[in-house]
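*Asks:* got a structure for you, letters missing:
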């Protein structure tokens with residue numbers, strides 16, 4: 001795909017996070033993070049759609065999270081059940097803003113450095129990724145330039 005980057009093993013990652021191995025098989029490592037978690041998969045699909053509509057970005061996936069990036073990461077999706085005995089939601093969307101947003105929708109807001117506020121939104125349904133969340137993602141995307 002255009003804008004794709006090959007890793008040392010020969011796999012090719014496109015900006016949306018899909019990976020084709022050298023034989024051409026396609027896997028979705030981002031979806032694998034939420035395998036068996038229907039709400040997590042639905043929230044991932046909705047966040048991907050919002051960020052895809054916002055502008056160019058890349059997706060980096062680890063075993064436990066999906067990061068949306070430009071020059072730096074601006075949003076992450078992760079499953080709190082991997083870390084907490086009684087999570088409040090199946091998936092958390094973490095958004096990096098350059099300011100504190102006082103919305104009561106955020107479970108927690110941290111201020112790890114003078115220019116960054118990290119906002120944690122518990123998502124119980126993909127419908128919670130609404131216009132307000134899309135605006136926060138757009139703001140985060142812009143400053144991650």
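*Replies:* Great, that's in hand. Quick caveat: nothing in here was measured; it's all calculated off a predicted structure.
*Asks:* neighbours of residue 113, how many?
*Replies:* Residue 113: 8 surrounding residues under other CB atoms under 10 Å. C-beta coordinates here come from the backbone N, C-alpha and C atoms, glycine included.
*Asks:* which parts of this structure are helices?
*Replies:* Remark: helices assigned in the chain by DSSP state H are 29-33, 38-54, 131-143.
*Asks:* any chance of those in CSV, with mean pLDDT, mean neighbour count and distance to residue 97 too?
*Replies:* Below are these laid out as CSV (pLDDT from 0 to 100; neighbours: other CB atoms under 10 Å; distance: least, CB to CB, whole Å):
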stretch, mean pLDDT, mean neighbour count, distance to residue 97
helix 29-33, 85, 18, 22
helix 38-54, 95, 19, 14
helix 131-143, 98, 17, 6
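*Asks:* can you say which of the ones you listed is nearest to residue 65?
*Replies:* Among those, helix 29-33 comes nearest to residue 65, with 6.5 Å by CB to CB.
*Asks:* ranges for the strands of this structure?
*Replies:* 5-6, 12-13, 19-20, 26-27, 58-61, 65-69, 73-78, 91-97, 108-113, 116-123 (DSSP state E).
*Asks:* what about the third one, average pLDDT?
*Replies:* Right, strand 19-20. Here strand 19-20 scores 42 as its mean pLDDT.
*Asks:* I'd like the strands of the chain as TSV, with distance to residue 45 appended.
*Replies:* What follows is those, written out as TSV (distance: least, CB to CB, whole Å):
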stretch	distance to residue 45
strand 5-6	23
strand 12-13	18
strand 19-20	17
strand 26-27	16
strand 58-61	13
strand 65-69	11
strand 73-78	11
strand 91-97	11
strand 108-113	24
strand 116-123	12
